[in-house]
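Chemist: this is a predicted model, with the sequence first.
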Protein chains: 2
Amino acid sequence: MISKKMESLVDNNSVIRQMFEEGKRMAEEFGADKVYDFSIGNPNVPAPEKVRDTIERLLREEDPVDLHGYMPNAGFLEVRARIADSLNKRFDTSFGAGNIMMTVGAAGGLNCALKALLNPGDEVLSFAPYFVEYKNYVANYDGVLKEIRPDTETFQPDLKAFEEAVTPKTRALIINNPNNPSGVIYPGSTIQAIADILERKQKEYGSEIFIISDEPYRELVYTDAKVPYITKYYANTIVGYSFSKTLSLPGERIGYLVIPSEAAEHERLFQAVTIANRVLGFVNAPSLMQKVVAECLDEKADIGFYARNRDVLYEALREYGYSCIKPEGAFYMFIKSPVPDEKEFVAEAKKEHILLVPGSSFACAGFVRLSYCVAYETCVNSLPGFKRLAGKYGL
Amino acid sequence: MISKKMESLVDNNSVIRQMFEEGKRMAEEFGADKVYDFSIGNPNVPAPEKVRDTIERLLREEDPVDLHGYMPNAGFLEVRARIADSLNKRFDTSFGAGNIMMTVGAAGGLNCALKALLNPGDEVLSFAPYFVEYKNYVANYDGVLKEIRPDTETFQPDLKAFEEAVTPKTRALIINNPNNPSGVIYPGSTIQAIADILERKQKEYGSEIFIISDEPYRELVYTDAKVPYITKYYANTIVGYSFSKTLSLPGERIGYLVIPSEAAEHERLFQAVTIANRVLGFVNAPSLMQKVVAECLDEKADIGFYARNRDVLYEALREYGYSCIKPEGAFYMFIKSPVPDEKEFVAEAKKEHILLVPGSSFACAGFVRLSYCVAYETCVNSLPGFKRLAGKYGL
C-alpha cells in the first residue's frame, strides 16, 4: 500500500532508532539507572546557560512577529552574516552572508545539498564506516551511495580505493570529520590528498565533483588535532554544520550549510539549495533558534564531560581485552566485536542492559558503536557488564 | 551544473517568495509605511502571550536535556496525546497519540505523507486554484499533479470534473480548506460528495486513494460556516495541520499529521510517514515548540484583527468596481484582474507599491491573490492606490 521506496525502509527500519526506542522501554521496565543506553548521539550535557538566557532576552526584546515569523528561505540575513564572521575569525576564511544557508539541522542541510546536485543514477562516495542515513539521503534523489571499504586498522580513508572508485558518474563525496562512528579525525594532509585526486578526476572527466562535509562534531576534539576546514583545500565544497552537539540542541533542528564563492556556479548553486529548502518542506530553519545560535557562536560544548567518559570507558575496555581505536573526536567509540557476527555481541550486551549499535549499520560489520554522550555514572555502571561479556568471550 | 529537477525550479522561482523578498527591498527603499505588501501569508498578529509565558516556564521547569533533546521521530508521546485529546473534544473524533505525528510545519508533513504514498507516475489531484507548492511537493516523489479546472463563479470544487479526473493512477487528492487563495470553505455536503466519489472509484479500481487535507487555516473562519473534519467522512484521510497561522508561529515550523486508525494499513502507513520524517532530514519537529503548542491548544488567533482587514478591503474594492468573492476563511482575497493578463495588473499595482501575487501561480490565471494578514493601516493606506488602478482600468 505504501510507496515502494518506503516498503524497504519500513522493513529495515533504522537499527539505531529502534535501539533508542527500545532503550526508553527498557528504562521504564528496569529503571533508568539499570539500563546503559549507548545507542544514540543524544547529548547528555545540558545546553549552555547562555542558550536559556538568550531565549529569555529575545522574548523580552524582540517583536514576536519578527521573532517567530517568516524570513527569506535562506535564513535571517544578520544571523547568516554573524555565522560567516565567526567562521572567518576561526578558520581564516572570507565568507559573507551569501555563503551561508540556515538549515533544519545538518540532516536537513545535507538533503538540500543532495537535492540541488543529484540526477538519478549519480554516484555519491563515502568512506566506510559512515553514518547510515547518508544512504537514505542519497536515495531520496535517486542517487547511488558507493562505499569505500574501511581500513579497520586506522579507520583513515583508503586513498587508493577512493581514487579507483571515482568515475564519470561521481557527483559527490560525503565525509564526516570527526568521524561517526570511529571517532578518528582526518588530518589536513589526507584532505589535501583527497582534494588532489578530485581535481585530477574533474579535469579528466570534465565534471564537477563536490565534497559534502558533514561536520556536527567539529568542536568535539579531545587531542590537539586540528580539523581541517575543507573549503580551504577544495573549491567545490559544501559544508554542513549542526548545533545539535556543540550546543546540545539536537531536538531543535538547527544548523547551516556553507557554500564558498569559489564553488562552480556559486550563485546558481546557492539559489538551488535555498529553493530545495523551500520545496522539500523545510521552508526555513526554525526562526527563534536561528537568533539564539547567532548569539551563542562562541559557546563551547563541555568537552571535559565527554573526555571523562571517553577515558573511563577506553581504559576499562582495553583492560578487559577489547580492541578499539582511541577516539580523537566526536563522542563515539568503535569497538571490535569479540565474535565475527557483531549482531550476536549486540544481543549478548543487551542481556547486560548495554545498548550498542552493530557496525553493519555503518557499512562496517564486525564492530559495534558505543555513544558515550551519556551520564558518567552510566559509563561506570556499565563496566561490570562489559567485564562479564569479556569473560564470556574469553578476551 | 545543478540537478535537472532544480534547473527548472531555479528558472521559475516562486513568484510569491520573489515578491516577498522584493517587498522587503522596496520597504527599505521607500519606507515600510509606503509599501503595501500583500504577497505572503506571514501573520502580522503577534503570537498569543501564552506562547511566551509557556516558553519561559518550560525554560525554568524542564531539564534542558529533555527540552532540547531527541525524542522518537514521531514526536513527544505526551504532546501527541494532548493534541489527540484536543481534536477529540472539538471534533468528536477518537484519536490517540498513535494517530498523530509531529511535523516541521504543514509543508514538512505534506512531504512526509507524499513520500510515504507516491510511486513514480502516480497522480495527485487538486482543485484549482491551489497553493502552488503542492506541485513541487508532488514532483519531489516523481508524482504528477493534475489540476481540476476552477469554478471561477463560486470557487467550490467542480465535482463532475473531479469524478472524470480520477483514474486508476490516482493516489491522492489534496484539498485545502479554508482555501488558499480563494478564502472559500468547502461545506460538509461537498466533502461527503467527494468521499462518495472516491469510495466508488476505490472499489472500481481496487485501489486506495487518499485525501490529504491541508488545514493551516482551520481556525480562521469569519462566518458561522463549519469546516468539516475530513476523517469523519472518509477513512483514507491524512490531515496536515500547522500552528503557523493560528498561533502566529510560521517561522518556527511546527505542525502535525493526523492518520486515522481507519486508514488502510494504518500502522504501516504511520511507520512510513515517521520514517519519511527521519530520512527526508526533518528527523523530528522542533522540540521546544512541540511542548509549547501542546500547552496552547486552546489559544485562538485574533480573528477580529483579520476580520477588520477583510471588511475594509472587501467593501472598498467592491465600491471601486473590483469583482471578488467574499472570503469566509483564511486571510486571502482572490480578486478578478481588470485585464485578462493578470500579470499586467500585478505590474501596474506594483507601481502603486501594492504587492499582489498573480493567480497563474495558483493555476487560475485572470485573478490575483491579496494576503490581508498585514497591519490594518497597510490595508487602509493601500486604498487610494487601488482606487487609482480602478480608474485606470475604467472599472
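Modeler: Structure received.
Chemist: any weak-confidence spans in the stretch 151-300 of chain A?
Modeler: By pLDDT under 70, the stretch 151-300 of chain A has no low-scoring segment.
Chemist: what ranges does it have for its helices?
Modeler: A:159-165, A:188-205, A:266-279, A:287-295 (DSSP state H, counting those that start in this stretch).
Chemist: and the gap between A:Phe127 and A:Glu199?
Modeler: In this view, A:Phe127 and A:Glu199 are 18 Å apart by Cβ to Cβ, to the nearest Å. Every C-beta, even on glycine, is put in place using the N, C-alpha and C of the backbone.
Chemist: which one of the two is surrounded by more residues?
Modeler: A:Phe127 (29 against 15; other Cβ atoms under 10 Å in any protein chain shown).
Chemist: isn't the more buried one right next to A:Asp158, touching?
Modeler: Yes. The pair A:Phe127 / A:Asp158 is scored as a contact, 7.3 Å apart, by Cβ atoms under 8 Å.
Chemist: joint contacts of those two?
Modeler: Counting by Cβ atoms under 8 Å, 6 or more residues apart in numbering or on different chains, the residues touching both A:Phe127 and A:Asp158 are A:148, A:150.
Chemist: spell out which residues of the stretch 201-350 of chain A are next to chain B.
Modeler: Counting by Cβ under 8 Å from any Cβ of the partner chain, the residues of the stretch 201-350 of chain A close to chain B are A:208, A:248-253, A:264-265, A:268-269, A:271-272, A:275-276, A:278-289.
Chemist: what about A:Ile148, neighbour count?
Modeler: 22.
Chemist: how about it, what does it touch?
Modeler: So A:Ile148 contacts A:125-128, A:157-158, A:161-162, A:165 (Cβ under 8 Å, 6+ apart).
Chemist: ditto for A:Leu58
Modeler: A:67, A:288, A:291-292.
Chemist: hmm, try it at 10 Å
Modeler: A:64, A:66-67, A:288, A:291-292, A:295, B:55 (Cβ atoms under 10 Å, 6 or more residues apart in numbering or on different chains).
Chemist: check A:Asp142 too.
Modeler: So A:Asp142 contacts A:5, A:118-122, B:3, B:5, B:120, B:142 (Cβ under 10 Å, 6+ apart).
Chemist: just the pLDDT at it, thanks.
Modeler: Per-residue pLDDT puts A:Asp142 at 97.
Chemist: re earlier: list only buried entries from the contacts of A:Leu58.
Modeler: A:64, A:67, A:288, A:291-292, A:295, B:55 (16 or more other Cβ atoms under 10 Å in any protein chain shown).
Chemist: coming back round to it: make TSV from the helices of the stretch 151-300 of chain A and add distance to B:Phe334 to it.
Modeler: Listed next are the helices of the stretch 151-300 of chain A as TSV, based on distance: least, Cβ to Cβ, whole Å:
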stretch	distance to B:Phe334
helix A:159-165	54
helix A:188-205	50
helix A:266-279	23
helix A:287-295	28
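Chemist: just these: most buried one?
Modeler: Counting by mean count of other Cβ atoms under 10 Å in any protein chain shown, helix A:287-295 has the highest mean neighbour count of those, with a mean of 23.
Chemist: packing partners for the helix or strand that that one is followed by?
Modeler: Toward the C-terminal end, the helix or strand that comes next after helix A:287-295 (DSSP states H and E) is helix A:303-320. Counting contacts by 3 or more Cβ pairs under 10 Å, 6 or more residues apart in numbering or on different chains; DSSP states H and E, helix A:303-320 packs against strand A:332-336, strand A:367-371, helix A:376-392.
Chemist: list the contacts of the helix or strand following the first one.
Modeler: The one in question is strand A:332-336. Proceeding N to C from strand A:332-336, the next assigned helix or strand is helix A:342-351, under DSSP H and E. Helix A:342-351 has contacts (Cβ under 10 Å, 6+ apart) with A:15, A:19, A:22-23, A:26, A:35-36, A:38-39, A:335-339, A:341, A:354-361, A:364-370, A:382, A:385-386, A:388-389, A:392-393.
Chemist: got the contact list for A:Ser39?
Modeler: Contact partners of A:Ser39, counting by Cβ under 10 Å, 6+ apart, are A:15-24, A:346, A:354-357, A:369-371, A:374.
Chemist: just A:Asp92 next, same as before
Modeler: A:229, A:232.
Chemist: still on that earlier bit, by neighbours, which of the contacts of A:Asp142 wins?
Modeler: Greatest neighbour count in the contacts of A:Asp142, by other Cβ under 10 Å, goes to A:Leu118: 26 neighbours.
Chemist: and the gap between that residue and A:Gly143?
Modeler: 4 Å.
Chemist: shared neighbours, these two?
Modeler: In contact with both A:Leu118 and A:Gly143: A:124, A:137, A:171-172, B:3, using Cβ under 10 Å, 6+ apart.
Chemist: distance to A:Ile212 added to the residues you listed, as TSV?
Modeler: Below are the shared contacts of A:Leu118 and A:Gly143 laid out as TSV (distance: Cβ to Cβ, whole Å):
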residue	distance to A:Ile212
A:Val124	8
A:Tyr137	10
A:Arg171	10
A:Ala172	5
B:Ser3	14
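Chemist: just these: which are in strands?
Modeler: A:124, A:171-172 (DSSP state E).
Chemist: give me the subset of these touching chain B.
Modeler: Counting by Cβ under 10 Å from any Cβ of the partner chain, A:Arg171 from those sit close to chain B.
Chemist: tell me the one of the ones in strands among the shared contacts of A:Leu118 and A:Gly143 nearest B:Thr152?
Modeler: A:Arg171 (45.0 Å; Cβ to Cβ).
Chemist: residue contacts, the closest one?
Modeler: A:Arg171 neighbours (Cβ under 10 Å, 6+ apart): A:114, A:117-119, A:121-125, A:138, A:141, A:143-144, A:207-210, A:212, B:3.
Chemist: need the buried ones from these selected in PyMOL.
Modeler: Per 16+ other Cβ under 10 Å, the buried members of the contacts of A:Arg171 correspond to this PyMOL selection:
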select buried, (chain A and resi 114+117+118+122+123+124+125+138+141+143+144+207+208+209+210+212) or (chain B and resi 3)
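Chemist: in strands only, show me the contacts of A:Arg171.
Modeler: A:123-125, A:144, A:210, A:212.
Chemist: now the residues you listed as JSON lines including distance to A:Tyr229?
Modeler: Formatted as JSON lines, those follow (distance: Cβ to Cβ, whole Å):
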{"residue": "A:Glu123", "distance to A:Tyr229": "26"}
{"residue": "A:Val124", "distance to A:Tyr229": "21"}
{"residue": "A:Leu125", "distance to A:Tyr229": "20"}
{"residue": "A:Val144", "distance to A:Tyr229": "28"}
{"residue": "A:Phe210", "distance to A:Tyr229": "16"}
{"residue": "A:Ile212", "distance to A:Tyr229": "14"}
